[in-house]
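Colleague: Need a 3D model of the following:
(one chain, ligands or ions: 1)
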Amino acid sequence: MKNSNRRVFICQVVTASSAVLATQAMAQARVDEKDAQATALGYLHDTTKVDAKKYPKHTAAQKCANCQLYAGKPTDAWAGCPLFGAKQVAANGWCSAYAKKA
Ligand code: SF4
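Modeller: Coordinates of the predicted model:
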């Protein structure tokens, strides 16, 4: 393999690898329950695990999928929420800012 061909090949591999990593990073951009914003809002991925003593108005029927702020379709497993920037929340998640979709 000539040097110039080798250089082109290496550039192609690096470019392709970077694209795959960027796609994976975007797909995995989910809220961490331990993030400062998540803990401040009491966000959990599973609405059934919300502390009933701490949030007495919470019910298991309340979840991100039927919240006004859920940016996806109700059938999407994960979608954006403006309270968490570019990160996604779970359809079955919940936080204390929950507002039932009209
Ligand atoms: S505001 Fe609504 S969609 Fe966003 S995390 Fe809280 S319950 Fe889920």
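
Colleague: Return the distance of the residue most central in space within the chain relative to His45.
Modeller: In the chain, the residue lying closest to the centroid (Cα atoms, centre = their mean) is Gln88, at 1.9 Å. Here Gln88 is placed at a distance of 10 Å from His45 (Cβ to Cβ, to the nearest Å). Any C-beta I mention is one placed from the backbone N, CA and C, and that applies to glycine too.

Colleague: Counting neighbours, what do you get for Thr39?
Modeller: Other residues lying near Thr39 total 12 when counted by other Cβ atoms under 10 Å.

Colleague: just to revisit the earlier point, how about the residue nearest to the centre of the chain, what does it touch?
Modeller: 29-31, 78-81 (Cβ atoms under 8 Å, 6 or more residues apart in numbering).

Colleague: Sketch out the low-pLDDT regions of this protein for me.
Modeller: 1-28 (pLDDT under 70).

Colleague: The closest residue to Thr39 other than its chain neighbours and Thr59: what is the separation?
Modeller: Computed as Cβ to Cβ, 6 or more residues apart in numbering, the closest residue to Thr39 that is not its neighbour in sequence is Glu33, at 7.5 Å. To Thr59, Glu33 is 20 Å away according to Cβ to Cβ.
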